[in-house]
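Chemist: Need the 3D shape of this:
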Amino acid sequence: MSDGINKKQQQIHAVDVEFENVTVTPRSGDIQAAEKKSLLLRQIDKIAASTGVPIATAANLVVGEHKTSYSYDFDSSILLNCKVESYGRGVSIFADFLSDAKKYYKKTCMSAKYIYFFSYRPTYKEMSHEQLCWYLYWRASLREGNYIKTGLTYTLLYLYEQINLCDIIGVEKVYNNIINIWKNYRREFPRIDKYIAEWLIDFSLIHKIKINLDEIDDIVPDLLNVVSLPEIYLQDNYFRKECYTEPLINNISAYNYKKSKFYTANQDIFNLHIPKIVFAVLSSPEFSELLYNEIQNGVKIKATRESYSGAICTYENKWKITVEYKNAYKNFFFKQCITDIIRFAENILREHLNIKSKLPIIAFPEKLRGILEDYQNKYLSSAKQKAKIQKLKDKKEQKNPDIEIQTTEFNANIETASEIEKHSWDTTVTLVELQQRDSEDTIERDAVIVPSLPENPEILPDKSTNTDSFSMMFAIDTNDTSFEDYGNISEITEALPTANRTDSEMGEFIDSLSETEYKALASLAGNMQDTPFDKLCIEFLNKTGIMLESVIDEINGKAMDYIGDIVFDLNEREFIEEYREDLINYLGNPS
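Modeler: Below you'll find the model as predicted:
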């Protein structure tokens, strides 16, 4: 047994000699040397563990004992627990930096001139005498609360010093120093946002301190989309702070309302109301309850990170940190909810602006709908009515600027109206027959196109007059006088093309179409669901010699003039859903 131990001691001694012969200095080229030395150290530990007897080596004297790992739970609904672990025994290439940091910590300089200094990872040894004097003078000013101008490299060196001398300076003081550097120099050096935000996460987790988010209230909105663990910077009332609403809209929503086709012409009203509507929802108790339930029922996430990544950090301050938390910032429900709130808000503004097309709402929680409707009724309802009335008034004045409308008394004459109605029915039948005769489509012999009936059955035409035409129109037995045989009036009128009317914006738009445009729109309304759009385009080109897409562009141009919106989306190859029913009513459904 002793022979085996002696043999392993000889192996350890050989590795230990090699360990001593590897020299590590804080130069970029010595990183490989440090890695080799760490590898040899692990090899020594492995051999020693198999003997069960402690063995004194040069490596033990240099590296020292293992660091102690620990874990703890958070008092939070988002952050759950944290585990801080040692990487095991290792060799630091920054031992000289720690020695210099301790050497210069209490030194100062009474007067110095700023000297430019640049390094990606600055150390004390890289500075000239003049640069070191400036650093000591500037640092002394910081300690007195004077944040004078300096260079980015000096601020990074100061941060490295704080991280590595925490046991000398004190945890609370280091935290305050980092916060003060951040707040006073971030405008001049925006790059430090990313560095300090990540290092502060590590510092808070290692030392079990809570970041005072009220101190960096103006910084937090800029961090959430760049840090690896944004939940650290979220507090319970985050979503109820109005100053955070705009960053949430920009960073979380899948829909950018500023890219809406209606934004450019209405950007003032969009920029005013959409953030206010979003804030009204996010600050409500209803939303807080939904978010809390979603987080509690959400999936746990476990993330492992290396402390102070990118900074000069000695082995004594290097830790592996594992955090378990609930995904709150980019939670799918929250992301979708924000997106739908913005879409809903834009729909309210579209309605306010008399724009009929609406954005689709995917999965908006019903309990939040009342908040949006309350906002609409409070701030946008009355204005909407005024705008609509003014728009109609302006149109009438443009059509008849010099004509004063006079009202006259109207006395209805039932007998005269009945006589006029009889003649109009005969005329309508004649026109329908001519239309059928000229139509390109084949119409079955039994099919009859029936004109609309008046709603009042008392003024229906007398069946005794023009019996043949009346029978043809209604396809009924003229000997039967039962009114039920006329059938359901709505069923009859659904088969009819609706006459052009100018009592609405849509009617005016339809009447403005040319014959080609009217045929194109009618073709789309009647055949879109049965025939692929590409085939419709080919058929239209063969019949008219004109590209259907160019005709649709002209139609949409007129639609913008009359109703303030397009009626057919060429990208989606479909009608704007809000106008589909109106168009079919005006054009008729040929299908």
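
Chemist: Just checking, which helix or strand succeeds the helix or strand bottoming out on mean pLDDT in the chain along the chain?
Modeler: Scoring the helices and strands of the chain by mean pLDDT, DSSP states H and E places helix 489-493 at the bottom, with a mean of 35. Past helix 489-493, further along toward the C-terminus, the next helix or strand under DSSP states H and E is helix 505-512.

Chemist: how big is the angle separating the next helix or strand after that next one from helix 505-512?
Modeler: Going down the chain from helix 505-512, the next helix or strand is helix 515-527, by DSSP H and E. Counting by axes from the mean of the first three to the mean of the last three CA atoms, to 10 degrees, helix 515-527 points 130 degrees away from the direction of helix 505-512.

Chemist: and the angle for the helix or strand following helix 515-527 with helix 515-527?
Modeler: With elements assigned by DSSP H and E, the helix or strand that comes after helix 515-527 is helix 533-544. Per the same axes, to 10 degrees, the angle that helix 533-544 makes with helix 515-527 is 140 degrees.

Chemist: Could I get the average pLDDT for helix 533-544?
Modeler: Averaging pLDDT along helix 533-544 gives 82.

Chemist: What are the contacting residues of it?
Modeler: 516, 519-520, 523-524, 527-528, 531, 546-549, 551, 573 (CB atoms under 8 Å, 6 or more residues apart in numbering). Yep, even glycine has a C-beta here, placed from its N, CA and C like the rest.

Chemist: redo that, cut-off 6 Å
Modeler: With contact meaning CB atoms under 6 Å, 6 or more residues apart in numbering, helix 533-544 is reached by 547, 548, 573.

Chemist: Using CSV, write out the CA atom coordinates for it.
Modeler: C-alpha atoms of helix 533-544 as CSV (Å, rounded to 0.1, in the frame of the first residue of the first chain):
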residue,chain,number,x,y,z
PHE,A,533,-56.4,35.4,-58.1
ASP,A,534,-53.8,34.7,-60.7
LYS,A,535,-56.4,33.0,-62.9
LEU,A,536,-58.7,36.0,-62.5
CYS,A,537,-55.9,38.3,-63.7
ILE,A,538,-55.3,36.2,-66.8
GLU,A,539,-59.0,36.0,-67.6
PHE,A,540,-59.4,39.8,-67.1
LEU,A,541,-56.4,40.5,-69.4
ASN,A,542,-57.7,38.2,-72.1
LYS,A,543,-61.2,39.9,-72.0
THR,A,544,-60.1,43.5,-71.7
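
Chemist: Show me what counts as buried in that helix.
Modeler: 536, 537, 540 (16 or more other CB atoms under 10 Å).

Chemist: Equivalent analysis for stretch 566-573, please.
Modeler: Across stretch 566-573, burial judged by 16+ other CB under 10 Å covers 566, 567, 568.

Chemist: Tell me, how many residues neighbour the closest residue to residue 306 other than its chain neighbours?
Modeler: Closest residue in space to residue 306, ignoring its immediate chain neighbours: residue 320 at 6.3 Å, by CB to CB, 6 or more residues apart in numbering. Neighbourhood size, residue 320 [other CB atoms under 10 Å]: 15.

Chemist: Tell me how far residue 320 lies from residue 153.
Modeler: Taking CB to CB, to the nearest Å as the measure, residue 320 falls 29 Å from residue 153.

Chemist: Over to residue 561?
Modeler: Computed as CB to CB, the residue 561 to residue 153 distance reads 62 Å.

Chemist: neighbour count winner among the two?
Modeler: Legend: neighbour count by other CB under 10 Å for residue 561 and residue 153, higher for residue 153 (20 against 12).

Chemist: circling back: got the contacts of helix 533-544 as CSV, with secondary structure columns?
Modeler: Formatted as CSV, the contacts of helix 533-544 follow (DSSP: H, G, I helix; E, B strand; the rest coil):
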residue, secondary structure
547, coil
548, helix
573, coil
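
Chemist: Go through those and name the one nearest residue 238.
Modeler: The shortest approach to residue 238 among the contacts of helix 533-544 belongs to residue 573, at 42.6 Å (CB to CB).

Chemist: contacting residues for that closest one?
Modeler: So residue 573 contacts residue 533 (CB under 6 Å, 6+ apart).

Chemist: Next one: it relative to residue 239, how far apart?
Modeler: Taken as CB to CB, the span from residue 573 to residue 239 is 39 Å.

Chemist: could you point out where the stretch 101-250 of the chain is predicted with low confidence?
Modeler: 236-237 (pLDDT under 70).

Chemist: run the last query once more with 90
Modeler: 120, 213-214, 217-226, 231, 233-250 (pLDDT under 90).

Chemist: Break down it into its helices, ranges please.
Modeler: Listed in chain order, the helices of the stretch 101-250 of the chain (DSSP state H, counting those that start in this stretch) span residues 129-143, 152-164, 166-169, 171-185, 192-207, 220-223, 245-252.

Chemist: Now render the ones you listed as TSV, adding distance to residue 288.
Modeler: Below are the helices of the stretch 101-250 of the chain laid out as TSV (distance: least, CB to CB, whole Å):
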stretch	distance to residue 288
helix 129-143	40
helix 152-164	37
helix 166-169	37
helix 171-185	28
helix 192-207	25
helix 220-223	19
helix 245-252	14
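
Chemist: most packed of those?
Modeler: helix 152-164 (a mean of 22; mean count of other CB atoms under 10 Å).

Chemist: quick one, that one and helix 129-143 angle?
Modeler: 60 degrees.

Chemist: contact partners of helix 152-164?
Modeler: 98, 101, 117-119, 122, 135, 174, 177-178, 185, 189, 308, 311-314, 317.

Chemist: okay, now residue 302: neighbour count?
Modeler: Neighbours around residue 302, by other CB under 10 Å: 11.

Chemist: pretty sure it is in contact with residue 325, am I right?
Modeler: No. Contact criterion CB atoms under 6 Å: residue 302 and residue 325 do not qualify, at 8.2 Å.

Chemist: quick one: average pLDDT of the helix or strand in which residue 325 is found?
Modeler: Residue 325 belongs to strand 320-326 when assigned by DSSP H and E. Mean per-residue pLDDT for strand 320-326: 94.

Chemist: need the strands for the stretch 201-350 of the chain, in chain order.
Modeler: Applying DSSP state E, counting those that start in this stretch to the stretch 201-350 of the chain gives strands spanning 300-306, 320-326.

Chemist: The last one pairs with which strands, parallel or anti?
Modeler: In the sheet containing strand 320-326, its partner strands are strand 79-85 (antiparallel), strand 300-306 (antiparallel), by DSSP bridges.

Chemist: And residue 173, how far from residue 167?
Modeler: Counting by CB to CB, the gap from residue 173 to residue 167 is 12 Å.
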